[in-house]
Each structure stands twice: as structure tokens, then as C-alpha cells.
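*Asks:* Whatever this is, show me its structure:
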Amino acid sequence: MHVPIQVQVFAHDGVVLARPPDPVATADSRYLAGAGAALHNGLDMITGLHLTLPHQSAAICSTGSSADKSLRLISRCGLKTPSDLREFRSGAQAVQFARDAAERGETLEFQFPPHDPQLRAARARVSPDLLARLNNKTVLETLVAPEYLPRRQVATPEEVRRMVRQDRRPAVIKPAGVEVYSGIAIFTRRLQDRRNRALFNQLEQVSDRWIVEEEVPFRTIWGLQFGVTESGAVQYFGASVHLPQPTSTWVGCVMDDDQPPAELVEALTVGVRKASELGYRGYCSFDAGIGRDDELRVIDPNFRVSGATTSLLHRSSLLGRHPCAMTTFFSLAPGVDAEPILAPFIDREQFVVFMHHDPAETDNGPLPATIVGMVGASDRYACGVLIAQIQRALGR
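*Replies:* I've put the predicted structure just below:
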């Protein structure tokens, strides 16, 4: 399906509002609103990909998105660029754009529940309250059979500290307070590291509840992608393999013939059906894996667009001729024009850009610019070589 679909998209502080069509009908569309937005919430850098959905052809982007560079790169990759692109220069302006859309009678879609009272009351594809419930990590007990969950319990920050002191078994702690949706996870064995300890202390101010979960020694972790149509039907799109995550946050994914067992797909399909019965519509995914003893475990719900959604939905139409595709981050000096550097890789159909953020065009100081892109090659090793070549060409 390669026809433009007009929708409105907004982004501010981790909130994406849109009016999307059926996710199944548009999964293979080449149309992309991918100006990208680095929202700098300090937790989830992949938030920029939330604007790069294949069904969006109109967008509002922050001035920190390097929209002109992003759009040139996306166009060079053969993707259609937004037909209606507007910038906001403040969070208040972005919220006002969204309010205006609601007043025009548009149905909004929230990436996360907005804080603005007027938007909370606006007509939405999925209600903010349901989004809050489904994106809280404690929802797994409701959606997934207990045999597929790690041992886990909910605790206060003080209880977490006590557990870490008294129990030396490896565990993972995750924020699970009301309307807390961070994808962050902190390994207790790393809490002795000052940076991880500081992160926990910061998050403690945001979340009054935490999940303490056994650390499963995974052999493979997949992101399993689903869509729920307007009729409530559930569609499974496939899965990608997470790249190793040294910081416990998503750093990229691989798409090849390494797919999860049918048993896991069916168990999660049951969970998505339950969410559909509650009223959920749109894209969603689960992070799940297989341990060293072949146990299947589900570790995270994502009733929104996750980091791997864009890659999986675009792979068939962009790099489908390659047996393997890999998405990851690239860095380059701020202010550098990446298009002439990346053009040879793009023109050989080896590379597709999803997001480009250049802090040189913001007030964030001399930080490295960031590109998120997908490479295609014969296998994982060849993809790794190609990634190294691209990063070397970018000069960092």
C-alpha cells in the first residue's frame, strides 16, 4: 500500500498524538513522517522514532529535531516526507496545536497520557486512563499467564534498598508508579555503580512503586510487534531481536530468521486480545525472551510505538531484499551535514535513516548529533561491518 494518508501528529514530552488509520492496512506503506524528535527526557532516546510511523504524512516537530536535515535524509532514502510540517518552539505551543486539533473535532492518539487537562478530556482513540493502565509494568499479571513471567514483586523505594542490601541474588528493578512509563531497567548488581545509583535516586522522585524482578539469564530477547484494528482484531507483525543492552535501555535490533517460538507468540496474542477487549486500538509490543534453560519469559509491555516498531514495519518495503537488517544509533559531530556522507550507503540501498537530531540547532550545547538508521546485508556479521563503515565515515 503506497498511498498518502493524511493524519496529524504532535510530540511533546514523550506524548505523541495522532489520528492513525488501521495499522494492518498501512503496515507496508512507504509513506513516513520522520522528522524525528529528540525529546530529552533523559530515559528513552528512541522517543524520536515515535514520529517515524509508516502511516503518517503530516507532522508537528520540535525545533530541536533538525527537521530540514532529517527530511532531506528521509527523502534521499526514498520515503515520502510530511505534506504538512509545522514546528513548535515551546512545549506550550505544542500543547496548543493539539488543543486546536481537538477543538476541530479530530480524534487524537496519545503515545502516553498527556498532563494537560483539556487534552485528557479530548476525544481520543484510546483513553488516557487505559493507556496509563496498559503501559504500567504491573499490567503483565493481568495480560500474561503466570508461567511466562519472571518472579517479581512490587515494592517501595525503601523496600527496594532493603532487598538489595539483604538479598544478593541478581535482580532487575523497574519503576511502576502511576503514569510512569519509562523503559528503564536497573540491574541490582550494578547499583554499586555511581551512575546507576544516581539514576535510581532520580527516578525515586518520579515513581513511588517499583517492580523487583528476578534477573533472567536470557539467550535471546525479542520485541514482538502486534496491531489491534479498529474492529478489535489482533494482528501479529513479527519480531526483532534486541541488540545487547549494556545500559538496560533499547539500543537497536536485528531482523533475520531468528524468530520466537509459536508458543510465545500465542501467549502474547492472548494478552493483546485482552487489551483489545478493554478498548485498546493501535500498535503494541512485548519484550520477551528465552533463557539459558529454555524458559520463556515476558518482561515488558509496550502499548505504544516501541523502538523496534518502525524497523519491523518498514523492513519489508525498504530493505526486504536483504536476508538481515539491523537498526542502531550512530553519532557524529554537531553541525555536520550527514547527507553527502551517507548518500553512497543510501543509494546502494544498504541504509535507511529514521531519525536525525542535531543539538547544534538547539540550546543543548555541543553534544554529539544522533542518527538512528537501519542497514541491510547478508547476515549479522555483514550488518555489523556495514555499521562500522558508516560510523567510521561519520567520523566518531
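*Asks:* can you map out the strands along the stretch 201-350 of the chain?
*Replies:* 210-214, 218-228, 234-242, 252-255, 282-291, 296-302, 324-332 (DSSP state E, counting those that start in this stretch).
*Asks:* By mean pLDDT, show me the worst of those.
*Replies:* Per-stretch mean pLDDT for the strands of the stretch 201-350 of the chain is lowest at strand 210-214 (a mean of 87).
*Asks:* relative orientation of that one and strand 296-302 in degrees?
*Replies:* In terms of direction (axes from the mean of the first three to the mean of the last three Cα atoms, to 10 degrees), strand 210-214 departs from strand 296-302 by 160 degrees.
*Asks:* what's strand 210-214 in contact with?
*Replies:* Strand 210-214 is contacted by residues 137-138, 150-157, 160, 163, 169-177, 299 when judged by Cβ atoms under 8 Å, 6 or more residues apart in numbering. Placement of C-beta: from N, CA and C, glycine included.
*Asks:* mind listing which of those residues are in helices?
*Replies:* Per DSSP state H, helices hold the following members of those: 157, 160, 163.
*Asks:* List buried residues within those.
*Replies:* Using 16 or more other Cβ atoms under 10 Å as the burial test, those include 157, 160, 163 as buried.
*Asks:* Out of the ones in helices among the contacts of strand 210-214, flag the one nearest to residue 324.
*Replies:* residue 160 (39.4 Å; Cβ to Cβ).
*Asks:* ok, the nearest residue to the closest one once chain neighbours are set aside to residue 286 distance?
*Replies:* Nearest residue to residue 160 in three dimensions, chain neighbours excluded: residue 210, at 5.1 Å (Cβ to Cβ, 6 or more residues apart in numbering). Residue 210 sits 20 Å away from residue 286, going by Cβ to Cβ, to the nearest Å.
*Asks:* Those two: who's more crowded?
*Replies:* Taking neighbours as other Cβ atoms under 10 Å, residue 210 and residue 286 compare with residue 286 leading, 28 against 25.
*Asks:* how close does that one sit to residue 306?
*Replies:* 9 Å.
*Asks:* any residues in contact with both of those two?
*Replies:* residue 223.
*Asks:* and the longest helix belonging to the chain with strand 234-242, angle?
*Replies:* As assigned by DSSP H, the longest helix anywhere in the chain is helix 262-278. Angle of helix 262-278 versus strand 234-242, following the same axes, to 10 degrees, is 130 degrees.
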